[in-house]
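Engineer: pasting the structure only:
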């Protein structure tokens with residue numbers, strides 16, 4: 001082979017290697033593999049999940065302001081709590097462990113869903129499509145009613 005042919009083949013190989021490496025780095029960089037990105041809004045509940053679910057959750061998670069609003073509403077209504085938030089509605093430990101962010105609500109918990117009171121709902125942001133705010137055993141839950149995935153939840157202290 002001629003010297004020019006060797007140079008072309010070597011140059012093509014280096015170019016191909018460089019392109020494949022830059023493509024791999026770009027793919028890894030854009031998909032949120034950083035643990036901090038996944039855990040920012042986990043609030044101590046739930047398990048990991050697919051990256052698309054994480055992005056959806058982060059976009060629709062209850063904010064600190066929303067949580068403050070729920071606490072304030074709870075303090076105002078403590079003497080007359082609606083079903084779903086009263087002390088008698090507390091979940092047994094086995095069911096409590098099944099209520100997790102990004103998890104699918106099992107049938108045993110679906111039976112305990114209570115409509116969120118309108119006056120509490122007014123303190124919360126509008127839910128995303130297919131979702132609604134519901135009460136389940138002392139928790140305000142942002143639930144996808146089509147898939148029964150828990151988008152986010154907030155535990156109210158029903159002491």
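Structural biologist: Sure, I can see it. Keep in mind that what you see is a predicted model, and the values were worked out from it rather than measured.
Engineer: so where do the helices sit in this protein?
Structural biologist: Assigned by DSSP state H, the chain shows helices spanning 3-29, 35-39, 51-60, 64-77, 93-96, 107-110, 118-121.
Engineer: Could you chop this protein up by domain?
Structural biologist: Here the domain parsing of the chain from automatic domain parsing is 1-30, 39-155.
Engineer: Go through the ones you listed and find the least confident stretch.
Structural biologist: Looking at the domains of the chain, the lowest mean pLDDT belongs to domain 1-30 (a mean of 46).
Engineer: Measure how buried residue 82 is and give me the count.
Structural biologist: The tally of other residues near residue 82 (other CB atoms under 10 Å) stands at 15. Where you see a C-beta, it was placed from the backbone N, CA and C, and this is true even at glycine.
Engineer: I'd like the distance between the residue nearest to it when sequence neighbours are not counted and residue 140.
Structural biologist: Closest residue to residue 82 apart from its sequence neighbours, by CB to CB, 6 or more residues apart in numbering: residue 117 at 5.1 Å. From residue 117 over to residue 140 the distance is 10 Å, taken as CB to CB, to the nearest Å.
Engineer: between the two, who's got more neighbours?
Structural biologist: With neighbours defined as other CB under 10 Å, residue 117 and residue 140 compare such that residue 140 has more, 27 against 17.
Engineer: Roughly how far does that one sit from residue 116?
Structural biologist: Between residue 140 and residue 116 the computed distance is 7 Å (CB to CB).
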